[in-house]
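Colleague: Starting from these lines, generate the structure:
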Amino acid sequence: MSKIAAIQMSSGPNIQPNLDEAAKLIEQAASQGAELIVLPENFSQMPMNDEERVANAETIGDGKVQTFLSVQAKKNNAWIVGGTIPIKSDEAGRAYSSSMLYNNQGEQVARYDKIHMFDVLIEANNETYNESATTVAGEKVVVVDTPLGKLGLSVCYDLRFPELYRTMVDQGMEICAIPSAFTAFTGQSHWEPLIRARAIENQCYVIASAQGGYHVNNRQTYGHSMIVNPWGNVLGSVGTGPGVVITELDRSVLETTRSKFQVLNHRKLNCRIN
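Modeller: The predicted model follows:
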């Protein structure tokens, strides 16, 4: 059996300290045998404002954060899902929110651009988010072959759109990575139910890595990173603050669940994202 890991952070606005913290947590996970490690959304920077995030956007294939991820993957002999980092677009004042996958040789083998934008008003605590103002939405569903199985990539707000995950299952997804930065308020009610629902309905492993704690930009994120198996059982989790969740990925559980409880073969309607 293989081991997989979800890393939780409470990132700040300065990139280098976040990278230093991420390096320690990646090494901790790898030292315990993790072969696939998922970092949270915005792991390298929780900026003071969205404009600062766009200003630090990197050119695809070149940049401090991408180099860091490549080095860490090779150094630790692990596949790494690099949470999200801002990648330059052709639009002034807007960048992609991209989740990069690196293999254990340090090669970037996939890129997923967050599709669903977090444009919401949370009336209970007067929080307003308008992600689409500074982020270009992606359009491509990404499922990648890895030594542990077929890995689907998604990000945070995507979690609320089950049709995305159904489309990934149609492309063979067996494991799903969900780097996130859920708000503390929405996380209390929705985080675990949504993660477990995606695992249950798609009969896949879910690695949900989150930001968790108070941030310098006055945001509070929910944390509670977790790994869930295809039956919907939470195999491991943490509360708030930096931490690592490591569990075994047992392919026999995935295969037995899908063969004995053939939900995916009983579908009558298909919802596809082209």
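Colleague: Helices along the stretch 1-150 of the chain, start to end?
Modeller: 15-31, 50-55, 64-75 (DSSP state H, counting those that start in this stretch).
Colleague: try the stretch 151-274 of the chain
Modeller: 162-170, 184-202, 251-260.
Colleague: Can you list the buried residues in the second one?
Modeller: Right, helix 184-202. Across helix 184-202, burial judged by 16 or more other CB atoms under 10 Å covers 184, 186-187, 190-192, 194-200, 202. Backbone N, C-alpha and C define where each C-beta goes, glycine included.
Colleague: Could you do stretch 130-140 as well?
Modeller: Quick answer for stretch 130-140 (16+ other CB under 10 Å): 131, 134-136, 138.
Colleague: just stretch 66-76 next, same as before
Modeller: Within stretch 66-76, the residues that qualify as buried are 66, 68-70, 72-74, 76, counting by 16+ other CB under 10 Å.
Colleague: next one: stretch 98-116
Modeller: Using 16+ other CB under 10 Å as the test for burial, stretch 98-116 gives 98-104, 106, 108, 110-116.
Colleague: Over to stretch 161-179?
Modeller: Buried-residue list, stretch 161-179, by 16+ other CB under 10 Å: 161, 164-170, 173-179.
Colleague: Just give me the residue closest to the centre of this structure.
Modeller: In the chain, the residue lying closest to the centroid (CA atoms, centre = their mean) is Pro179, at 1.8 Å.
Colleague: Need phi/psi at that residue.
Modeller: The phi/psi pair for Pro179 (degrees, to the nearest 10) reads phi -60, psi 140.
Colleague: Restricted to strands, list the buried residues of stretch 130-140.
Modeller: 135-136 (DSSP state E).
Colleague: farthest-separated two in the buried residues of stretch 130-140?
Modeller: Thr134 and Gly138 (14.5 Å; CB to CB).
Colleague: So what's the residue count around Ala30?
Modeller: Counted by other CB atoms under 10 Å, the residues lying close to Ala30 total 23.
Colleague: now it, nearest residue through space, not along the chain?
Modeller: Asn76 (3.7 Å; CB to CB, 6 or more residues apart in numbering).
Colleague: Lovely, talk soon.
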